Structure formats: C-alpha cells, structure tokens
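Student: Turn this into a structure:
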Amino acid sequence: MAADSDPETEVFEITDFTTASEWERFVSRVEEVLNDWKLIGSSAGRPSPEKGEYTSGTWEEKSQEINFADFKFSITHHYLKQESDKSDLKEELEEDAFPLAMQDLLCMNNDFPPRAHCLVRWYGMREFLVISPGANCEAITSESKCNLLLSSVSISLANSGCQVPMFVQIQQKWRRLYAGECQGPGVRTDFEMVHLRKVPSQYNHLSGLLDIFKAKIGCPLTPLPPVTIAIRFTYVLQDWQQYSWPQQPPDFDALLGGEVGGVEFGKLPFGACEDPISELHLATTWPHLTEGIVVDNDVYSDLDPLQAPHWSVRVRKAENPQCLLGDFLNEFFKLCCRKESTEEILGRGLTEEEGKENTDLSAALSKLTEPAAAPMSKLSVSSMVHSARKHIRRHRRVDESPLSNDVLNSILLYLFPDAAVERSSTGTSDASDGRPAPPPSTGGRSEPDKDSDYNLFNQLKSAPSDSLTYRLALCVCLVNFYHGGVRALAHLWQEFVLEMRFRWENNHLVYGLASGAPDLRCCLLHQKLQMLNCCIERKRARDESRKASDGGKERERQLPGGGENVRRSRRVEGAAGAVAATGAGADAAREASPGKSWDSWSDSEDEFFECLSDQEEAAAAKEGEAEKGEAEKGGAGRAKPPDGRLHPHGTMTLLNPSTEPLYIPVTQEPAPMTEDLLEEHSEVLAKLGTTAEGAHLRARMQSACLLSDMESFKAANPGCSLEDFVRWYSPRDYVEEEGVDEAGAPVLRGELSARMKIPGNMWAEAWDTARSVPARRQKRLFDDTKEAEKVLHYLSVQKPADLTRHLLPCILHAAVLKLKEEESLEDIPSVKKAVQQATSHASKQLRHPNPDHKKLEEVISQLVAVETVIARARSLKAKFGVGKAEAGEDSEDLEKFVISLLEEPEVAVLGAGRGPAGSIIHKLFVSSQRAALLAPMDDDLVRPGGGADDRKPMGGGLNVPDFPPPAGREILLRTCVPRPAPYSKALPQRLFCVLLREDFRLAGALSSDTSFF
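Tutor: Sure thing, here's the model as predicted:
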C-alpha cells in the first residue's frame, strides 16, 4: 500500500490522438489550395480542344508553396486558357460524366504538340496540378516517401471532389518522372512512368510495345477491342554538304590596302561567320493507324518515312552564332570602358623625348656624378643603361605608327574627299572654296530630307548619314576591328584633330557639315565640328573683307587728290575695317571711284564685321572723343553721317524728323552655341540667384545682343529715339491709337507700351548707354578665334573612350540602317517589328546625358538578334533554293515555308514527301547519307514532275538508305476497355512510348472503375 501511495508511481503518459499530425496538416493544406483556386467539383462539359490549340493557345500557370513539416513543396496549376467556358458550363451535365482529363486521353487533335509541358505531350491533358520539391530541397527518391505523397494526393482529391489530375515529381528533376492520379464519379486514372537509360531489345519496336500495353491493361474481354496507334519518327540532318549558308568572305585585299575609301570604309559588314542553322529535324507522322494495318517488329517494318502522310520540320538554331555586325558593335562598345588617354596609348611625343636624348648610353657614366634626389644605390651603371634602353625602345615604338600610311591616307581621303579635289586643281587657294561638296550617294534616295531613314539621326541624336561625323564613326569602328584596335583608333583621332587645326588655320571649311549654327538635334561631337565650321566661315569672311578693304585703299590712292582724301578720312582699326569719310573730300572720292564705294560696300548684305580687340576698342574710343571735340570746335551744325545701313524699313519714317526714312541696320549675328555651352550659360544665370541685384545682372548678361543692335540702329539712323528702335525691333511694344489734331484731321499717335515705361527698364538703360557704332566696329559678339581654339582643345583632350561614347549614337544609327537595308531584301515581318523596337529603345537611352551602360548593351543585343534572324533566313533560303527557282506557286510556297520555320516552332510540309519542300528535304538527306557513306551522288535519281511510280529509289544499287536511322521514335497507343472486370465501364487507356538512343520512357494512364469491380 505504501508503494501504491507513492505519487511518482501514479504518473502515466497521455497521448492526445485529436492533435493533427504533420501528414494530416499537409493534406489539409493541399485541400485549402484546391478550394482557393476553385478546382472543386466537376471539370467536364468543356468542348474538346481544336487541332493545334495546344501549340497556338495560351498556357497559364500559378504556384503556391506548401510545407510538409520542414520540407518545402511547390504546387503548380497548369491550364490552357479557353474563352468558351462559361456558356458551355451552364449546360446540364450527366452525373457520371468522365472527368475532363479522361476525355483528353482519347482526343487525337493534339497528339504531338511541338511546344508544351512534357505531361501535356505524354498524356494530352489541358489542365493538371504538379507537386514538386522546393528549389533548394532534395529530390524524393525513397519509395516510402513517394507512396506517402501519393496517398496524400489521393486523400486530398477524394475529400475535395477535385477532378483535375494531380502529379508528384519524384526522383531527380532531370529525369522528369511523375506519378499521379485523377478521380471522378466512380472512376479513377493512375498515371505511372518507366524511365530507363537503354531500350530493352524486346520493346524496341511496335509489336513489343503493344504486348506490354495489353499486359498492363489486363482486359478480360476476348477479343480485345482494337488499339489506335499514332507514330512519329524524327530524323536529324546535321551535315548540309554543299547547301551552306550564303555568306560572302570579306575582301581582305580591300581591307588591308588599295581602294579602301570608296569600297569598304563606307559600310558596315553583315552576316554570320558560321552557319546559323545547325540541324534540321524532320518528323514523319502516321496519325491514325490500327493494330492490324502496320507491321513493325525486329525483322521487318512498314514504316517508310517517304510514305508517311504527314511531314513536319523544325530547325535547331546555333546558339549565339558569331555575326560580323555584332562583333563590330561589341568591340566598339568595349572601348567605352577604357580609361587611357591618347598620349598613354601612343606614348609620349617625339618633341618631349628630344630633350632627353642625352640620357642614352653615352651619358650613363656622367649621370652618376650629378647630384640627384634618388639614393645612390639606384644610380648605378646598370640602371642608367636600362633606362637608356627603355628610352630607345620607346622611340622605336613611337616611330612605328599603328596605322600604315596607305591605310591612313585612304581613310583621310574618304573623310575629306575635298582634299583630293584641291590637290587635282591648279594649285590656287581659291580653286575650292572649302564648302561641303555634294553628299555621297545614300543608297538611291532621291529626296533624303523626306526619307525617314535619313531623318533617323533626329530620333537617335546621332548625325545625318551623309555627314562627316557619321563617316568618322564608321571609320573608327572599322579601324578598331581591322587595323590595330585602340592604338590605331588613337592614331586616327590624332590625325583627325590635326586636320581640323589645319583647316582652321588655312581657312578651309570642314567637308560634310551643314552650314549654319550647330544642330542641337545631333550628338555633341557633331555640334562641335559645326561650331568649328562657323568659326571658319566668320574668319574667311573677315579675311575677304580685309582684301576688299586693302583693294579700296589702293583705288583711293590712285584718284586725284587721293592723299588728301585719305588724310581727311577716319582710319578704322582692324583687318576688315572700312573708311567712313567725312566732308566734301570723301564725297568727291565716292563720286570719282570707278569701283564699289566704301559706303555701298558697308551697306551690302555680304558684309562681315571686324570685331575690335580691347586695345583697338580703347583706341577707337579715344578717336571718337577727339572727333567729338573737333566737331564741337568746328561747328555744332555738322551732324554725324549715317553708317551701316542695310535698306529702308518700308515706308516707315523716324518720329522726330518725320521726313527721314527709317533704315534697318546691318547687325551682328548672334553667337552660335552648342548644347554644353548652353547648359553652362544657363547654370551661370541660375547661380545669380533671385535677388534684385542678381536679376539685374542676369538681364544685362542677356542683353548683349540687344545693346549691339541698338548701337547699330543709332549709327544707321542719326537722331533716332528709343521709340523708333522699338517700332522696328519689337512692334508690339509700340501702341498706336487714332486721334485728332488741332485742325480736326485724324492722325495716329503712338507711345511705348506699359512695360517699356517701367522705371529702371533694361531697354531704356541699354538705350542710354548705347553709342552710335556700326556693327563692323563693335566688339564681336562671337569671337571665332577664341571659340575655334576652345573646340580644338576640346577635341584634342578627348580620350578614345570619350570619342567612342560620342560616336556610339552614329554607330547604332548605321547599324539600324544596315539592318533595314538587309531586311528589305528578305521581307521578314518579325524583323521589321524588332528593328522598330530596338530603334525606340535606343532612342530612349541616347536621349539621356549619361546613358545606362547595361541598357545600351541590351540595345546592341537586340540589334545582334535581328542580324542573326536575317542570317538564318538567308541560310534557309539558300538550302531550300528560294530565289533560284522560277517564279510561281512553288517558289511562293517555299518562301512562306522558310519564313514560317523562323517564326514557328514546327512547320507542316505541304504534300509531305511529295511536295516541293518535301522533295528538297529528301534530297538534303540523300546527299548527307551519300557523303557519310562516301557514295557517288546521282542528280537524276528524282525527276522533277514525276509521280510516285516514277520515283527511283535513291539508294540505287549500293543499298544506301535515303534516311539515317531515326534519332527519336514516339509511339502512342490508345484504347477504351472495361477494367478491372468485364462488367465495368469502358474507360480510356493510354500509353505513350519514347525511344531514343540513350533514353527509354513509358508514360501510362490506366483507368479503372471503382464502382463495379
């Protein structure tokens, strides 16, 4: 009793069997997912899928993660999206209707879909669920775990009433092994698989597979209902023999010398360096056979591919084939990541090394005795000799230019063809005015301004296709690829900058650039070159005016009393100044001059204005003060004569002396600016702030052009007022109203607008400070010398990487034009769309000041993909003889067939082996077989136009088969029998067999009656 009363002995274990286990939680979670996805209830009632719908239709999927204890699974729902579901589901369904998956087992409309999930191909289902291990989880390899999962699937389907088949992925993922189940009202289908590395000899033909199918069904009926058979054999063609792709090899002689400029440097290469089509797969299909019609065993077979009723072809494309245009673009784009400068790439110039020539071997000993900051241990004879040898090697490296003279001259003549014209002229500097010659031919475009391809530069912010910048980009790209890489590129750029300086110093306009201000639609480098051209134009005009001025002075000296006239005239400082004479002597000079007078020259439209330097301006100011003093002493009645008139402004007259006409003055043109200068100018104005002083200073900076025009107006219209200037310069700021004078006659009275009357108005201040100075004597608004030096300095400091970034839009522009040109020859709809998408993508990226490097790589990848598609199209057209045959229905059908091969996963061959495409495919296989067995090829084995009886076996007397052994065989067996008992329902049974060289797979779907068994 004492022992019984011990409290320790009264403790016992209590097991709560109402707590759910991990397995039960897993089953419950699967059921919840089925409910969430609304997969409960009958799935029957939908129409059978149409023929080819599994390929052309839209497949969708959704996934969700579930856990079995700490093991992660993913359950995925795959289904074919069909539109006519709701109307058909409203129909009344039979209570014992088969599930949708069982109906699909017998459907023959989509037996061998070329692009679908493997379970769709093996079982022909349009909807199913798959439970597979998570991404980082191990495979389900043990039999007990597989059975546990299958039992979980079975319980989930039974509890929820789901009729969608559910599969479990077992074994390693690469084996693609699945086991599953589908449940319906009183029926169930079990999905089983067999996967082996080798094909068993007894199952290597149709008869053996029929035996295993019948044994697996175990039908008690005799005789067994007929088995429906669908067979598909796939033959692979790898050796194309003479049917290679039509890629012309590059002309290495033209690339390495000779006529380089006009032939190769104006265009980018195109095409694949290897055959972009690696294999052709021919699928011969017998879609509807029965057991007694065909014989296929280990001794004999009736399955001749030439007799197959259906042929279909797919091509295997080479992955990332090497393409010329793609290589050019990628190699050019790699330069954007380089950081070396031109000096670092080419080495220091000889001018810097000449001062160090004393450090060679002869000065090695004397160097030891000189004081140096380096320790004596480093100042040894060996170190001095090593340093001298280093300098000698550097001299040799500099002497060996990366580009040969022949190639460099060819490039420069291509870039500057006007140089060849000047050389062939008589030698005078006026033989060529330096203006851009007519642009080269642009592929037959008669009106390039109206051509969208020509205006593509606006979209890509590059440069016109006939401009110097565009041609420079092509040359840089070709030099980088063919003639030495980045060192040759740096050499070419150095020569280009020297040519630009030569043209500036010698007043030769840069060839291939549109006249006028820089075009802000183009890339910055193109704007800089246009700015240099503007400077050259101004400088040329100034030099021409200097010549005219010198010639006029000589004419005045030759006149009677010319010395007096010259002494009485005002001297104008500067090379392009003109004489504005005063008094009767000047008038006499103008009357006596047989040529063009100074005033008439000053008022002409072709006048270019010499802008005075600071010293000249100060001298002119002193001279003006002296003249003013002389005028006061000589008499106040003598007015200053007008100067710098262009032409009268209609019938308008000055307000003060109402009889004097109002003249439009000759003014300075505003200074052209590139986009970087505009940005700097806007930043400077923004930094002035919003204070009153900052706003005033900002207004003064922006009114430099206004002040110049006011001074020109005052010089052209002596005695004018601000109102006169406003009437010409800004008519809307002069308000006129009708009124009546003292006599009662109607008159027009005007006054300045309200904004012009504001105290401290900038126009009034500028008018008060403006002097009467003609445009030619004003300080230049545009200092062409300074701006030209800035442009040349900007060009000289550009690194190869900077140059590449500047020219990248032009290269992409050239690549797009090349793709459009090549596509127009092939007429592929998908390529047109791809080119448009790539162009749009490139336009978005190139509009940014600093484009994203990775996104530009994507643009180049898109262009390379388009090139690959065009190369594949040409390869297929060459293999199928498209374009060689006479025009007709056959040639059109062949062309459509080739285009379909590029865009579709699998293409049916019209007429199978007897159609035009089938005959060509047959011949391809025969030539490949003959080449493999070294047998002679007979071109007359197949007579064109002959029927089946006229067809001669291509094997001839050598017994060479026309086709190789099939690389893959797929056999589909179907029947509908009662199972497991004779009185059970007749249910669909299916077995899909795959026989490859090193792969054997059986995928069976065996249905059984669960009510009457």
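Student: longest single strand anywhere in this structure?
Tutor: In the chain, assigned by DSSP state E, the strand with the most residues is strand 277-290.
Student: list the buried ones in that strand?
Tutor: Neighbour-count burial for strand 277-290 flags Ile277, Leu280, His281, Leu282, Ala283, Thr284, Thr285, Trp286, Pro287, Leu289 (criterion: 16 or more other CB atoms under 10 Å). Glycine gets a C-beta too; all of them are placed from N, C-alpha and C.
Student: And the pLDDT at the residue positioned nearest the centre of the chain?
Tutor: Against the mean C-alpha coordinate of the chain, by CA atoms, centre = their mean, the closest residue is Val859 at 3.5 Å. At Val859, the pLDDT value in this model is 90.
Student: ok, now Asn110?
Tutor: Residue-level pLDDT assigned to Asn110 equals 89.
Student: can you confirm it is in a strand?
Tutor: No: read with DSSP: H, G, I helix; E, B strand; the rest coil, Asn110 is coil and lies in no strand.
Student: wait, it sits on Lys51?
Tutor: Yes: because the distance of 7.0 Å satisfies CB atoms under 8 Å, Asn110 is recorded as touching Lys51.
Student: between those two, who's got more neighbours?
Tutor: Each of Asn110 and Lys51 had its neighbours counted (other CB atoms under 10 Å), and the higher figure belongs to Asn110 (22 against 13).
Student: give me every residue that touches the more buried one.
Tutor: Residues in contact with Asn110 (CB atoms under 8 Å, 6 or more residues apart in numbering) are Pro49, Lys51, Gly52, Glu53, Tyr54, Thr55, Gly124.
Student: now the stretch 501-650 of the chain, which segments are flagged as low pLDDT?
Tutor: Scanning the stretch 501-650 of the chain with the threshold set as pLDDT under 70 gives 549-639.
Student: In the sheet, which residues pair with His647? Tell me.
Tutor: In this structure, His647 has beta-bridge partners Ile664, where bridges are defined by DSSP bridges.
Student: so how far is Glu660 from it?
Tutor: His647 sits 15 Å away from Glu660, taking CB to CB, to the nearest Å as the criterion.
Student: Would you mind telling me which of these two has the busier surroundings?
Tutor: Neighbour totals were compared for His647 and Glu660, and Glu660 leads with 16 against 12 (other CB under 10 Å).
Student: Touching, that one and Pro648? I think so.
Tutor: No: distance between Glu660 and Pro648: 10.2 Å, which falls outside the contact criterion (CB under 8 Å).
Student: Model confidence for the closest residue to Ala272 other than its chain neighbours, exactly?
Tutor: Nearest non-adjacent residue to Ala272, counting by CB to CB, 6 or more residues apart in numbering: Ala871, 3.9 Å away. pLDDT, Ala871: 89.
Student: Buried ones in the helix or strand in which Ala871 is found, by neighbour count?
Tutor: With elements delineated by DSSP states H and E, Ala871 resides in helix 853-879, which encompasses its position. Buried residues in helix 853-879, counted by 16+ other CB under 10 Å: 856, 859-860, 862-879.
Student: Just the local confidence number for Ile75, please.
Tutor: As summarised for this prediction, Ile75 has a pLDDT of 95.
Student: Under the pLDDT cut-off, which ranges of the stretch 651-800 of the chain? List them.
Tutor: Filtered on pLDDT under 70, the stretch 651-800 of the chain yields the residue ranges 657, 685, 688-690, 692, 694-696, 698-702, 741, 744.
Student: That one: strands as residue ranges?
Tutor: Listed in chain order, the strands of the stretch 651-800 of the chain (DSSP state E, counting those that start in this stretch) span residues 661-665, 734-740, 746-752.
Student: Equivalent analysis for the stretch 51-200 of the chain, please.
Tutor: According to DSSP E, counting those that start in this stretch, the strands that the stretch 51-200 of the chain contains are 58-68, 71-81, 127-133, 166-170, 177-184, 187-196.
Student: Check which residues of the second one are buried.
Tutor: So that's strand 71-81. With burial defined by 16+ other CB under 10 Å, the residues of strand 71-81 counted as buried are Phe73, Ser74, Ile75, Thr76, His77, His78, Tyr79, Leu80.
Student: In CSV, list the C-alpha atoms belonging to it.
Tutor: Included here for strand 71-81 are C-alpha records, laid out as CSV according to Å, rounded to 0.1, in the frame of the first residue of the first chain:
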residue,chain,number,x,y,z
PHE,A,71,10.2,20.2,-46.1
LYS,A,72,9.1,22.7,-48.7
PHE,A,73,7.0,21.8,-51.7
SER,A,74,5.6,23.9,-54.6
ILE,A,75,2.1,23.2,-56.0
THR,A,76,1.6,24.5,-59.5
HIS,A,77,-1.6,24.7,-61.6
HIS,A,78,-1.1,24.4,-65.4
TYR,A,79,-4.0,25.1,-67.7
LEU,A,80,-4.9,26.0,-71.2
LYS,A,81,-6.9,29.3,-71.3
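Student: So which elements touch it?
Tutor: For strand 71-81, the elements it packs on are strand 58-68, strand 127-133, judged by 3 or more CB pairs under 8 Å, 6 or more residues apart in numbering; DSSP states H and E.
Student: now swap in the shortest one and tell me
Tutor: On a contact count with 3+ CB pairs under 8 Å, 6+ apart, strand 166-170 meets strand 127-133, helix 143-160, strand 177-184.
Student: Comparing the ones you listed, which stretch has the densest surroundings?
Tutor: Comparing the helices and strands packed on strand 166-170 on average neighbours per residue, with mean count of other CB atoms under 10 Å, the densest one is strand 177-184 at a mean of 23.
Student: Rounded mean pLDDT for that strand, please.
Tutor: Strand 177-184 shows a mean pLDDT of 94 in the predicted model.
Student: how far off strand 187-196 does it point, in degrees?
Tutor: Here the directions of strand 177-184 and strand 187-196 differ by 170 degrees (axes from the mean of the first three to the mean of the last three CA atoms, to 10 degrees).
Student: what does strand 177-184 contact?
Tutor: Counting contacts by CB under 8 Å, 6+ apart, the residues outside strand 177-184 that touch it are 97-99, 101-102, 119, 128, 130, 146, 150, 153-154, 157-158, 162-171, 188-193, 195.
Student: can you check stretch 900-917 too?
Tutor: Surrounding stretch 900-917, the residues in contact under the criterion CB under 8 Å, 6+ apart are 55, 114-115, 283-284, 305-315, 828, 830, 869, 872-873, 876, 880, 890, 893-894, 897, 918-919, 921-922, 948.
Student: And for Glu675, the neighbour number?
Tutor: Using other CB under 10 Å, Glu675 has 16 other residues around it.
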